[in-house]
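Peer 1: quick one, what's the 3D model for this:
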Amino acid sequence: VPEIDIWPLYAKHALNEDKEMVQAWNSDIDSILIFAALFSAVLTTLVVESYGNLQPDPQIELMRAILMQLQQNGDGSNQVQMPVPAFALTGSAIRVNVYWFSSLIVSLSTAFLGILAKQW
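Peer 2: Residues are numbered from 1 along each chain as shown. So this is what the prediction gives:
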């Protein structure tokens with residue numbers, strides 16, 4: 001029985017397979033990083049727009065303060081009702097912002113992990 005050393009042949013084949021696998025993973029991570037970057041950019045614009053729903057409108061609050069000051073300075077005979085109700089957070093505004101911020105955190109975490117994987 002001829003003696004054949006199979007280990008160098010196996011090592012050569014395994015090295016080629018490993019290189020192909022690493023290249024495939026590298027291209028997959030690149031795709032994930034591009035998607036995460038674009039997704040994070042879109043989410044950031046949505047967060048900026050919806051974050052305003054969590055705060056009262058400064059112009060309305062200024063007008064409310066001016067009206068209250070005028071009423072306090074007057075004789076009190078002609079009390080004017082507030083034309084706009086006081087600011088109150090709605091449940092939907094809170095939920096939407098929680099979802100936007102959660103999505104942004106997950107997207108940025110994915111990008112961070114992708115960068116760590118690329119450097120590894």
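Peer 1: which helix in this structure has the most residues?
Peer 2: helix 7-51 (DSSP state H).
Peer 1: show me which positions of the helix or strand following it end up buried.
Peer 2: Downstream of helix 7-51, the first helix or strand assigned by DSSP states H and E is helix 58-73. Buried residues in helix 58-73, defined by neighbour count with 16 or more other Cβ atoms under 10 Å: R64. In short, each C-beta sits where N, CA and C put it, glycine included.
Peer 1: state the mean pLDDT of helix 58-73.
Peer 2: For helix 58-73, the mean pLDDT works out to 85.
Peer 1: cool, stretch 6-23 as well?
Peer 2: In this model, stretch 6-23 has a mean pLDDT of 93.
Peer 1: pick out the residue nearest the middle of the chain.
Peer 2: L104 (1.3 Å; Cα atoms, centre = their mean).
Peer 1: got the contact list for that one?
Peer 2: S40, L43, T44, V47 (Cβ atoms under 8 Å, 6 or more residues apart in numbering).
Peer 1: what about the first one, neighbour count?
Peer 2: The tally of other residues near S40 (other Cβ atoms under 10 Å) stands at 18.
Peer 1: the last one now?
Peer 2: By the measure other Cβ under 10 Å, the count of residues near V47 is 16.
Peer 1: isn't it right up against Y99?
Peer 2: No - using Cβ atoms under 8 Å, V47 makes no contact with Y99, being 10.1 Å away.
Peer 1: one step back: next one: the longest helix of the chain to chain centre, how far?
Peer 2: 19 Å (Cα atoms, centre = their mean, to the nearest Å).
Peer 1: that helix - contacts with which helices or strands?
Peer 2: helix 91-119 (3 or more Cβ pairs under 8 Å, 6 or more residues apart in numbering; DSSP states H and E).
Peer 1: show me which positions of the helix it packs on end up buried.
Peer 2: Applying 16+ other Cβ under 10 Å to helix 91-119 flags V96, N97, W100, S103, L104, S107, L108, T110, A111, G114 as buried.
Peer 1: give the contact list for the residue nearest to the third one when sequence neighbours are not counted.
Peer 2: So that's W100. Excluding its sequence neighbours, the residue lying closest to W100 (Cβ to Cβ, 6 or more residues apart in numbering) is V47, at 4.8 Å. Counting by Cβ under 8 Å, 6+ apart, V47 touches N97, W100, F101, L104.
Peer 1: okay then, goodbye and thanks.
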